[in-house]
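Trainee: sequence first, predicted coordinates after that:
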Amino acid sequence: MEWTNRVKIGAEGLNGRLGLCYDNGMSFSNFPLRQELMKAIEALNFHQPTPVQKEAIPQVLAGRDVLVSAQTGTGKTLAFVLPMLQRMLEHPVPGVTGLVLLPTRELAAQVASVVKEVGRFTSVRSALLVGGESFHLQLQALKSGAGLVIATPGRLLDHLERRTLSLSRVHTLVLDEADRMLDMGFAPALHRILNYVPRERQTMLFSATLAAEIGRLSHLALKDPMTIAIAPPGATVDTVTQLLYPVMPNQKSDLLLAILRNTSVHSVLIFCRTKRGADRLARFLQAEDLSVVAMHADLTQSQRTHALQGFKHGKFQIMVATDIAARGLDVKKLSHVINYNVPEKTEDYVHRIGRTGRHYEVGDAYTLVSPEEERYLAAIERFIGRKIPRVQLPDFPYERLPPPQKPKTLMERFGRRRRFIPRGRFGR
């Protein structure tokens with residue numbers, strides 16, 4: 001699918017989720033926003049809009065559908081919250097008129113907090129509908145007059161099927177982190193939800209990439225969208241120092257411990273590939289008297305909330321997580337991201353290291369790579385368009401590393417000669 005209406009913006013000057021410190025000679029006062037919203041922006045000390053806000057907000061205020069491709073930390077949340085609240089204030093209608101869909105509970109809670117901050121001087125009420133939380137309390141929030149719903153697809157469908165919620169008056173729909181929702185298998189749920197909302201509506205779709213699946217979803221959900229691309233898909237923030245630590249698999253935990261003890265760290269997010277691996281690594285670090293908490297999908301919602309809040313407020317210095325936290329965690333001044341396992345998907349690497357170096361802060365991203373993980377690294381380096389420096393920790397007792405493994409060719413896998421067997425002779 002091709003889009004004719006496009007705006008492309010380079011990677012320079014990308015800043016944080018809510019739009020701080022970007023110097024583009026423009027201010028939020030240039031947008032025709034209502035006084036209540038401008039008052040909140042001033043109270044929150046927001047100054048100049050980020051590139052995605054600068055390009056998307058005028059289009060959305062003009063009533064256009066938008067398809068936005070932007071990485072984490074570019075200010076996407078405010079880019080849709082401001083115009084959505086503006087329309088709800090200008091066209092007050094009873095019932096739910098605004099809907100934001102996100103893939104995870106953490107992301108939904110994050111957006112809900114932004115709505116609360118930006119809408120503090122308005123009469124707009126919101127409801128957060130996510131799994132793992134009290135259905136009854138969510139129902140009470142809906143009955144109290146919530147006009148804006150922030151939800152994950154599964155819990156939203158629960159309410160729709162129980163008829164505790166109607167989307168017949170929705171005039172603004174946001175699909176945030178759409179590529180992540182598709183990766184998590186929410187495509188059937190999204191198609192069902194689209195049948196509940198009116199055809200005549202404004203839709204905003206935000207995604208880190210413009211893959212073919214996003215094109216198909218866009219064709220289904222949007223009408224003549226303006227496409228806004230913020231930086232290339234593999235762009236990484238220049239303020240993040242990226243390093244590779246080659247190591248044998250059996251020495252990874254010891255090397256990680258040595259890095260943590262020999263590096264000036266403030267708060268560290270460590271990514272593991274599996275939930276079991278995250279638990280195992282967290283227990284290992286806890287046994288070494290480090291302040292650690294684990295974060296993955298097997299935890300209950302209360303456990304996940306406790307872990308996130310504890311990490312954000314400094315109760316835990318280290319969080320060991322699976323990719324559930326790659327896009328759903330916003331921690332100020334996160335000093336280090338460490339990939340204990342090299343991610344198999346190239347995009348996940350960018351999302352992981354994007355947790356640090358936010359708001360023009362300096363950050364460090366380390367990756368521990370064993371020989372069998374080299375094949376993933378090659379794809380990552382092609383994706384981000386740079387070679388990541390390889391380093392060794394001084395005085396660490398490394399085992400001798402074998403040369404990096406390269407994927408076998410077909411000739412190497414099946415042999416140089418293939419025996420020719422004439423037809424009709426298989427039974428002999």
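Mentor: Arrived safely, thanks for sending. Numbers count the residues shown, from 1 in each chain.
Trainee: from here on, contacts and neighbour counts on C-alpha atoms
Mentor: Fine.
Trainee: can you tell me the SS state at Leu244?
Mentor: Per DSSP: H, G, I helix; E, B strand; the rest coil, the secondary structure class of Leu244 is strand.
Trainee: I'd guessed it sits against Glu381; true?
Mentor: No - using C-alpha atoms under 8 Å, Leu244 makes no contact with Glu381, being 11.4 Å away.
Trainee: which residues are in contact with both of these two?
Mentor: Counting by C-alpha atoms under 8 Å, 6 or more residues apart in numbering, the residues touching both Leu244 and Glu381 are Ile388.
Trainee: so which of those two has more stuff around it?
Mentor: For Leu244 versus Glu381, neighbours defined as other C-alpha atoms under 10 Å are more numerous around Leu244 (19 against 15).
Trainee: now Gln53. Nearest residue, chain neighbours left out?
Mentor: Once flanking residues are discounted, Gln53 sits nearest to Ala79: 4.7 Å by C-alpha to C-alpha, 6 or more residues apart in numbering.
Trainee: so who does the one you found touch?
Mentor: With C-alpha under 8 Å, 6+ apart, Ala79 has these contacts: 52-53, 56-57.
Trainee: can you put the residues you listed in JSON lines and add neighbour count?
Mentor: Output for the contacts of Ala79, formatted as JSON lines (neighbours: other C-alpha atoms under 10 Å):
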{"residue": "Val52", "neighbour count": "27"}
{"residue": "Gln53", "neighbour count": "22"}
{"residue": "Ala56", "neighbour count": "26"}
{"residue": "Ile57", "neighbour count": "25"}
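Trainee: neighbouring contacts of stretch 120-140?
Mentor: Applying C-alpha under 8 Å, 6+ apart, the contact partners of stretch 120-140 are 36-37, 39-40, 85, 88-89, 105, 108-109, 112, 115, 141-142, 145-152, 154-156, 164, 300-302.
Trainee: ok, back up a step: quick one: which two of the contacts of Ala79 are the most distant?
Mentor: Maximum pairwise distance in those, criterion C-alpha to C-alpha, is 8.1 Å, between Val52 and Ile57.
Trainee: just the CA coordinates for stretch 154-168, please, in CSV.
Mentor: Extracted in CSV, the C-alpha atoms of stretch 154-168 (Å, rounded to 0.1, in the frame of the first residue of the first chain):
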residue,chain,number,x,y,z
GLY,A,154,-9.0,-7.9,25.7
ARG,A,155,-10.6,-6.1,28.7
LEU,A,156,-12.5,-3.7,26.3
LEU,A,157,-14.0,-6.7,24.5
ASP,A,158,-15.1,-8.1,27.9
HIS,A,159,-17.1,-4.9,28.6
LEU,A,160,-18.5,-4.9,25.1
GLU,A,161,-19.6,-8.5,25.3
ARG,A,162,-21.2,-7.9,28.7
ARG,A,163,-22.9,-4.7,27.3
THR,A,164,-21.5,-2.6,30.1
LEU,A,165,-20.0,-0.2,27.5
SER,A,166,-21.3,1.3,24.2
LEU,A,167,-18.9,2.7,21.6
SER,A,168,-21.7,4.0,19.3
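Trainee: which residues outside it are in contact with it?
Mentor: With C-alpha under 8 Å, 6+ apart as the test, stretch 154-168 has contacts from 95-97, 129-131, 139, 142, 189, 193, 196-198.
Trainee: which parts of that stretch count as buried, going by neighbours?
Mentor: Buried residues in stretch 154-168, counted by 16 or more other C-alpha atoms under 10 Å: 154-159, 165-167.
Trainee: ok now that stretch, how far from the chain's centre?
Mentor: How far stretch 154-168 lies from its chain's middle: 25 Å, per C-alpha atoms, centre = their mean, to the nearest Å.
Trainee: same question, stretch 134-145
Mentor: Using C-alpha atoms, centre = their mean, the offset of stretch 134-145 from its chain centre is 27 Å.
Trainee: what comes up buried for that stretch?
Mentor: For stretch 134-145, burial by neighbour count (16+ other C-alpha under 10 Å) applies to 138-139, 141-142.
Trainee: same check on stretch 93-104?
Mentor: Within stretch 93-104, the residues scored as buried using 16+ other C-alpha under 10 Å are 95-104.
Trainee: cool, stretch 33-46 as well?
Mentor: When burial is assessed from 16+ other C-alpha under 10 Å, stretch 33-46 yields the following buried residues: 33-34, 36-41, 46.
Trainee: let's see which of the contacts of stretch 120-140 end up in helices.
Mentor: If you go by DSSP state H, the contacts of stretch 120-140 have 36-37, 39-40, 85, 88-89, 105, 108-109, 112, 115, 141-142, 154-156, 301-302 in helices.
Trainee: circling back to that earlier point, and of the buried residues of stretch 154-168, the nearest to Gly310?
Mentor: Closest to Gly310 out of the buried residues of stretch 154-168 is Arg155 (25.6 Å), distances taken as C-alpha to C-alpha.
Trainee: local confidence estimate at the closest one?
Mentor: The model reports Arg155 with a pLDDT of 95.
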